[in-house]
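S.K.: have a look; sequence and predicted model below, questions after that.
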Amino acid sequence: MTDNAGGGVRGLRARPSAGLFHAVQHSYGIDGLEGSIDLGGSNTLNLLLADDHSRYVARVYRPCVTEARLKDIQLARQALHAGGVPSSEVLSARDGRQWTEFDGRLIEVEKYVESDTCMNGYDDLIAALPLLGLIHTILQGIQFNTAGRNPIFANHIEPDKALSMTLQGTGRIRGWNTSADFRLADAADELAHLVSDGEQKLISMLPRQVVHGDYWHNNVLFRNGRVVLVTDFDFMGERARIDDLALILYYFGCSNEPVSEKRLDRLRSLTDSYDEGLAEHLSITERLALPLAIARQPLWSIGGWIALLDDEKAARRHAAGMLDEVEFALRIVRELDKWQAAFT
């Protein structure tokens with residue numbers, strides 16, 4: 001992996017090693033680690049472990065995750081579990097702590113939850129989005145510390161920073177000096193200006209709170225048609241709550257074809273499904289702002305990852321598939337009235 005970022009601050013995803021196995025075995029008394037399975041995940045190393053009694057997942061964080069941040073991630077999951085959201089149950093280490101350390105990284109061990117699929121497709125989203133509303137309702141009442149509210153790296157870009165950060169990313173892209181790169185940079189700059197202009201008068205009226213940050217795909221696991229685990233709070237942070245929803249609608253709606261009335265109706269239905277789980281329902285202002293928040297989503301790739309990835313080849317690989325996504329977002333802001341009417 002060459003996805004280190006911020007001048008080495010992020011660190012690389014951990015790899016299984018004899019030293020890591022020894023640290024987990026020593027701290028938790030779990031044997032048989034050599035047969036562990038990497039469950040995947042782009043940010044943390046997630047190892048499926050098994051002993052004679054049960055199965056567990058060892059979650060190994062990147063070096064940028066501090067104890068203060070992990071405490072707040074665990075606080076969030078504990079509160080959600082108590083509120084009826086299926087969340088990870090973390091094991092205590094032999095010394096009583098809820099994590100151990102190895103090679104400058106924090107490690108949790110949690111109970112493994114059996115699942116048969118992840119959130120994938122419209123029907124799954126309809127079923128899972130009221131739960132996201134409940135998650136937001138529960139997290140709204142928790143006081144998190146600074147580290148918990150502010151991830152160093154996340155799939156998110158704040159509205160008031162989107163333009164300046166995008167310009168940093170497009171400056172790097174233009175330096176690669178190909179016609180495709182110039183097309184992407186020009187489109188991203190146009191998108192950033194349009195979205196920033198549109199959001200400027202709305203952002204101060206949007207409720208902010210700590211949100212999950214990446215409620216999508218294999219972070220929401222199903223079994224027999226119901227959600228059995230909400231996991232991966234790596235990007236948890238404070239932002240407008242609709243940004244959590246906008247990420248999902250962006251992933252679901254993004255297409256290189258014009259968005260049909262049927263697809264807009266489905267995006268509205270997904271929004272209404274999320275709203276069902278909220279104690280404080282979406283305001284008209286939030287619904288008007290939602291298409292702009294969806295359109296802002298590809299800018300975290302431009303102004304976040306492309307601008308900050310340390311490895312030039314990794315940044316170029318990340319940029320390679322971005323033009324279609326930026327052009328999708330441009331179609332939203334160019335037809336903003338149509339999108340806002342669909343959501344309100």
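M.R.: Structure's in. What do you need? Numbering: from 1, shown residues only.

S.K.: ok, now which ones touch residue 44?
M.R.: Listed by Cβ atoms under 8 Å, 6 or more residues apart in numbering, the contact set of residue 44 reads 13, 14, 59, 60, 61, 62, 232, 234. For the C-beta atoms, the positions are set from N, CA and C on the backbone; glycine is no exception.

S.K.: and if you look at residue 112?
M.R.: With Cβ under 8 Å, 6+ apart, residue 112 has these contacts: 48, 54, 55, 56, 57.

S.K.: skipping its backbone neighbours, what lies nearest it in space?
M.R.: residue 55 (3.9 Å; Cβ to Cβ, 6 or more residues apart in numbering).

S.K.: ok, the one you found - contacts?
M.R.: Applying Cβ under 8 Å, 6+ apart, we find residue 55 in contact with 48, 49, 111, 112.

S.K.: list only buried entries from those.
M.R.: For the contacts of residue 55, burial is judged from neighbour counts taken by 16 or more other Cβ atoms under 10 Å, and it is met by 49, 112.

S.K.: what mean pLDDT does the longest helix seen in the chain get?
M.R.: Once the chain is assigned using DSSP state H, the helix that runs over the most residues is helix 179-199. Looking at helix 179-199 alone, the average pLDDT works out to 98.

S.K.: can you put the contacts of residue 55 in CSV and add secondary structure and pLDDT?
M.R.: Compiled in CSV, these are given as follows (DSSP: H, G, I helix; E, B strand; the rest coil; pLDDT from 0 to 100):
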residue, secondary structure, pLDDT
48, strand, 95
49, strand, 93
111, strand, 95
112, coil, 96
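
S.K.: for the stretch 151-300 of the chain, what spans make up the helices?
M.R.: 162-174, 179-199, 241-253, 261-276, 284-296, 298-300 (DSSP state H, counting those that start in this stretch).

S.K.: a markdown table for the ones you listed, including mean neighbour count?
M.R.: Putting those into a markdown table (neighbours: other Cβ atoms under 10 Å) gives the following:
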| stretch | mean neighbour count |
| --- | --- |
| helix 162-174 | 20 |
| helix 179-199 | 19 |
| helix 241-253 | 23 |
| helix 261-276 | 17 |
| helix 284-296 | 24 |
| helix 298-300 | 25 |
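
S.K.: flag every buried residue along stretch 154-164.
M.R.: So, applying 16+ other Cβ under 10 Å, buried residues of stretch 154-164: 154, 155, 156, 157, 158, 159, 162, 163.

S.K.: who touches it?
M.R.: Residues contacting stretch 154-164 (Cβ under 8 Å, 6+ apart): 165-166, 192-193, 195-196, 199-200, 203, 213-214, 234-235, 237, 239-240, 243, 247, 293, 296, 299-300, 303-304.

S.K.: average model confidence for it?
M.R.: Averaging the model's pLDDT scores along stretch 154-164 yields 97.
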